[in-house]
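Undergrad: Let's see this in three dimensions:
(chains A, B and C)
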Amino acid sequence: MKQGFRQCMAWLHTWAGLIPGWILFAVFLTGTAAYYRGETTAWMRPELRTALPAPDAATLAVQELQRIAPDGPWFIGLPTDSDPLIRVFWRSREQRRFRDGVIDPVSGRLAEAGETRGGEFFYRFHFELHMPPIWGRWVVGACAMAMLVAILSGVITHRRIFADFFTFRPGKAAGRSWLDAHNALAVLALPYHLMITYTGLVTLMFMYMPWGIQVAYQGNSQAYFADTLGIPPPVRPAGQAAPLTDIAPLVAEALRRWPEAGVRRISVQSPGDANARISLGRGDGPELPIKRQELVFSGTTGELRAATGNEAPAVQTAGAMYRLHFARFESHLLRFLFFLSGLAGTAMVGTGLVLWAAKRVPKRAGQGAARRGFGLRLVETLNLGTVFGLPVAMLGFFWADRLLPRVMEARSDWEIRIFFGLWLLAYLHAALRPGRRGWAEQAGFAALLGLGLPLLTALTTRYHLGVTLPAGDWLMAGMDLGFLGFGLAFALAARKLWRESRRAAAAAPLGRLRAEGA
Amino acid sequence: MAVLALGLAYPGFLLLSLAMDRHHRELLGGAPPRPRRLALRLTGAALLGLSTLPCFALWGWSIGPVAWCGVLTVAALGLVALLAFAPRAAVLLAPLLPVLGLSAWIGLE
Amino acid sequence: MVNALQRAWQGFRAWRWPGVLSRTLAAVVGGYAVGALVSVACALLLPMPRAEAVLTGMMLSFAAYAGAVLWAFAARSAWRAWAGILLPALLLAAASWAGRVT
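TA: Down below sits the predicted model:
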């Protein structure tokens, strides 16, 4: 490596981008989908949506939790505009592990039908890759770090960043137009890419960089969190039974204090005990930082015991980074802008991967597969199986939810199995059908899945576009229209790829038909 | 008002792109003379600056800048796509968007 | 297959792999050490309440890590790459140690 600085950075950009590239693509795409994780789950279980006022929803949840897990602890997620379900998490003493569910707002019982991971699946996959959490998070962290390096070295490498600012020449030679697209997607959304990568690392910094706490707090992270968030020490159960106070007035009190932000989460420790505690967590307000504020009430008398929170600059900065990463904005438009930027990021990674392969395809016609190294063929297979295979698998996840029986043993596991099954098939298909033909076929399949979803919704639920559009039910209509949009985009891509593969086939000598492509 | 933000950012970027030889040649023919290039740059930058106002008005001082970045990103990506696939529409949209944005805003008031 | 392996091996040789391997190690491991030491130094030395200093250090550490990685691949030789990472790491460690005593 005796070349100039720029060449070194170009080399670094290539490899720091390629090696984690496929994981990064999956992290970007599922993360982008996770902006709508509340909507995703609600789309899958539309009958459970509710607009109950917060105090009533909390009461409903507490009543049901008292029945199914009287000892607690409980966590309750109150319905919001973008996540209109009453979510409950609890730990039962027998099973010793956390379980979660959704309260049916009509019956007040835990909903049994249509069990699904919903949007949570994409959300968790986005930073755990469906691996054991610790492993997944480290892998994603390493990839995010490589991403940060790839972004920085890419900016240094890109010689004509302002001269080429608006340049995209789709008609030019394959390598050139992929490079244009990669550059445009990277440069125009650069603030987003840098922000999302850095804040992503920050959301898991306690795991990646625990050394400050190790040294300054001798590893006592509880003391650290008590300092930063002002959390009072936990109270041990007294062992004396006492009825839990009514939760509705507590929620009403919190709403009076936080008129704009509202209540987001409720946690109840040792319900039914004399030392029960009820904590209400603040929602997101009009200011950028997420404020981790809580009101802690006595669970028996309903008396306010503590109001936690910390407005220090460092805490605010971290809160702002969290808010930016999660895009927890009330404004639908703003979240949509983030969604579009996320798609741009996904496309940036995708075009980068394709570009790497396009640059290395043998130039002279008719040389074909014999001249393609193993590395190039591997990259091409992984590219197709990831760039089009993952969308196929994700759309298949939605299909699975609509098609599986509503009541079924381990229903949510089957959805996930179908997701991974489809993805695996996409890789197999990519290995067997190299070149543009393979790309055209997967795009066509994705188009069918996307365009078919609104139809499937109409066949299996009462919430189809003919009903939701006139009723102004924008959650259901928006999801269905989104699927239509993606289906249409894939259909256009499929048409273009199909024509190109036909043209390439016509140009190539007969015996080398299958070899040509990409 | 969000459309207005886009309606200011989009023509802003279009003017900035017209100040460059390549895009000026494609859309209007020939390289821009120096004074016009300067005027295009200044107006373009001014429009981008103005597009902050609806963002602040709509989302406040804290979240407004974030929204502005998002609006700029989407405006620029949209412009690049249009320039590549439908250059005439790219030019036509420039006066249309702000008018649409203004009327939507006044209609809401 | 044999051909492919042979070509891969030749490519690997042409790659000046000991240098690249050494730099990669410096970037990944050394860079992490620099990031971790920045977070520790901030936690101990920054003139603000302890919790905030810890938090600030954690948030800054990734920037330091990224900078170290860029340096590891930009330096003129692998030796300089290592030197440019070990020196600040030692300085940070020494400063943190001094800050710990007071």
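
Undergrad: Quick check: closest non-adjacent residue to the residue in the stretch 301-450 of chain A that chain B sits nearest to.
TA: Relative to chain B, the nearest point of the stretch 301-450 of chain A is A:L337 (3.2 Å; Cβ to the nearest Cβ). No exception for glycine: its C-beta is placed from N, CA and C like everyone else's. Distances taken as Cβ to Cβ, 6 or more residues apart in numbering or on different chains put B:G70 closest to A:L337, at 3.2 Å, once the chain neighbours are dropped.

Undergrad: Report the secondary structure state of the residue of the stretch 301-450 of chain A closest to chain B.
TA: Classification of A:L337 using DSSP: H, G, I helix; E, B strand; the rest coil returns helix.

Undergrad: which secondary structure elements does the helix or strand containing A:Q222 contact?
TA: Assigned by DSSP states H and E, A:Q222 belongs to helix A:221-229. If you count contacts as 3 or more Cβ pairs under 8 Å, 6 or more residues apart in numbering or on different chains; DSSP states H and E, helix A:221-229 packs onto helix A:211-216, helix C:50-74.

Undergrad: make it 10 Å
TA: For helix A:221-229, the packing partners by 3 or more Cβ pairs under 10 Å, 6 or more residues apart in numbering or on different chains; DSSP states H and E come out as helix A:205-208, helix A:211-216, helix A:313-326, helix C:50-74.

Undergrad: how about stretch B:42-50: buried residues?
TA: Neighbour-count burial for stretch B:42-50, counted by 16 or more other Cβ atoms under 10 Å in any protein chain shown, picks out B:43-44, B:47-48.

Undergrad: Could you pick out which of those residues are located in helices?
TA: Judged by DSSP state H, the subset of these located in helices is B:43-44, B:47-48.

Undergrad: circling back to that earlier point, per-residue confidence averaged over the helix holding A:Q222?
TA: Helix A:221-229 carries an average pLDDT of 88.

Undergrad: Mind listing residues that contact that helix?
TA: Residues outside helix A:221-229 that contact it (Cβ atoms under 10 Å, 6 or more residues apart in numbering or on different chains): A:206, A:210, A:212-214, A:216-217, A:220, A:231-234, A:291-294, A:308-310, A:312, A:314-315, A:318, C:43, C:49-52, C:54-55.

Undergrad: what do you get for stretch B:83-96?
TA: A:166-171, A:177, A:180-181, A:184, B:7, B:10-15, B:17-18, B:22-23, B:26-28, B:47, B:78-82, B:100.

Undergrad: Sort out which of those are buried, if you could.
TA: Buried members of the contacts of stretch B:83-96, counted by 16+ other Cβ under 10 Å: A:166-168, A:177, A:180-181, A:184, B:7, B:10-15, B:17-18, B:23, B:47, B:78-80, B:82.

Undergrad: which residues does A:W74 bridge with?
TA: A:W90, A:V268 (DSSP bridges).

Undergrad: pretty sure it contacts A:A61?
TA: Yes - counting by Cβ atoms under 10 Å, A:W74 touches A:A61, with 7.8 Å between them.

Undergrad: Give me the domain ranges for chain A.
TA: The record's domain parsing of chain A by automatic domain parsing lists A:1-45+A:116-226+A:326-334, A:49-115+A:231-309, A:363-518.

Undergrad: Which one of the residues in chain C is closest to chain B?
TA: The nearest approach of chain C to chain B comes at C:M59, 17.9 Å away (Cβ to the nearest Cβ).

Undergrad: Neighbours of that residue, how many?
TA: Using other Cβ atoms under 10 Å in any protein chain shown, C:M59 is surrounded by 21 other residues.

Undergrad: A:G200 now?
TA: A:G200 has 23 neighbours, counted by other Cβ under 10 Å.

Undergrad: pLDDT wise, what is it at?
TA: For A:G200, the pLDDT comes out at 97.

Undergrad: Kindly report the same for A:R93.
TA: The per-residue pLDDT reported for A:R93 equals 72.

Undergrad: That one and A:A69, how far apart?
TA: The gap separating A:R93 from A:A69 is 8 Å, by Cβ to Cβ, to the nearest Å.

Undergrad: Comparing those two, which residue is more hemmed in?
TA: A:A69 (20 against 9).

Undergrad: What residues does the residue lying closest to A:R97 once chain neighbours are set aside make contact with?
TA: Nearest residue to A:R97 in three dimensions, chain neighbours excluded: A:R91, at 6.7 Å (Cβ to Cβ, 6+ apart). Counting by Cβ under 10 Å, 6+ apart, A:R91 makes contact with A:69, A:71-75, A:97-99.

Undergrad: How about the residue positioned nearest the centre of chain B: what's its closest non-neighbour residue?
TA: Most central in chain B under Cα atoms, centre = their mean is B:Y10, positioned 2.0 Å from the mean C-alpha point. Counting by Cβ to Cβ, 6+ apart, B:A75 is the residue found nearest to B:Y10 once chain neighbours are left out, at 4.4 Å.
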